[in-house]
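S.K.: task: produce atomic coordinates for the following.
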Amino acid sequence: MTAILPSPSALRNGWRHHARSLRRSESGMALVEFAMVLPFLMILATSALELTNYAITVKRVGELGVMVSDNASRMGAQSAINDKPISEAEINDVFIGADLQASGMNLATNSRIILSSLQLNGDGWQTIKWQRCFGAVNYASAYGTQGTGATGTSFAGMGPTGKELKAAAGTAVMFVEIRYRYKRLMPLFWLPLNDITETSAFNVRDRRDLTQVYNSENVTASTCS
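M.R.: Model (predicted):
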């Protein structure tokens, strides 16, 4: 039996008809459009996730600063005779409590917590009587180190210029600065997310011995050096 092949003109007409059908077909258009838009959708979704996580971290760091300054304002051994003395062990406990509270943030590696005791100096102006630190991040206090303003009238207090916090006579302000090194969830995407810096301050709650920090327990002090 001899096969009958289509004529060349029939083949050409068949290809033309097929080509016209392909041009009119829209069956794969939605998939192509989705494939083109998908990278932009991924960028938007991951950026939103990163920004949300950053905002939550800023909130946690701010709350942590409040907790540290509040706990520091309550330090001091009870005494019915003398003003409350404070110790290096109590300061260390404040830092340990902060590290435990900030579960998952790894404060020892990713942060620097600076606790300063703002008091009056002998000339009636402000001084940083003592200062203690926790965390490995290289960050110095933005307002002064221990001993700043020990004498004279040049040190106005701690805080933004013109809005400095000041300690009153016979008391002290526990001033906390926290610098936290933010770890991105998705480092492949560029977003201007800087390290987080927060401050907080509380006045001491009771009459406190302001002359020194005692170390009867002989613990290692959390110095800032």
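S.K.: tell me where this structure has helices.
M.R.: Counting by DSSP state H, the chain has helices at residues 8-24, 29-73, 88-101, 107-110.
S.K.: give me the contact list for the last one.
M.R.: Residues from elsewhere that reach helix 107-110 (Cβ atoms under 8 Å, 6 or more residues apart in numbering): 98, 99, 113, 134, 135, 136, 137, 180, 181, 183. All C-beta atoms are positioned from the backbone trio N, CA, C, and that covers glycine.
S.K.: same check on stretch 191-204?
M.R.: Under Cβ under 8 Å, 6+ apart, the answer for stretch 191-204 is 47, 50-51, 54, 57-58, 61-62, 64-66, 68-70, 72-73, 75-76, 118, 137, 142, 158-159, 165, 167-168, 171-182, 184.
S.K.: pull out the buried positions in that stretch.
M.R.: 196, 198, 199, 200, 201, 202, 204 (16 or more other Cβ atoms under 10 Å).
S.K.: lowest-pLDDT helix or strand in this structure?
M.R.: Counting by mean pLDDT, DSSP states H and E, the chain has its least confident helix or strand at helix 8-24, which shows a mean of 58.
S.K.: now do the buried residues in stretch 150-162.
M.R.: For stretch 150-162, burial by neighbour count (16+ other Cβ under 10 Å) applies to 155, 156, 157, 158, 159.
S.K.: residues in contact with the nearest residue in space to residue 113 that is not next to it in sequence?
M.R.: Excluding its sequence neighbours, the residue lying closest to residue 113 (Cβ to Cβ, 6 or more residues apart in numbering) is residue 134, at 4.5 Å. Residues near residue 134 by Cβ under 8 Å, 6+ apart: 95, 98, 99, 107, 108, 111, 112, 113, 115, 222.
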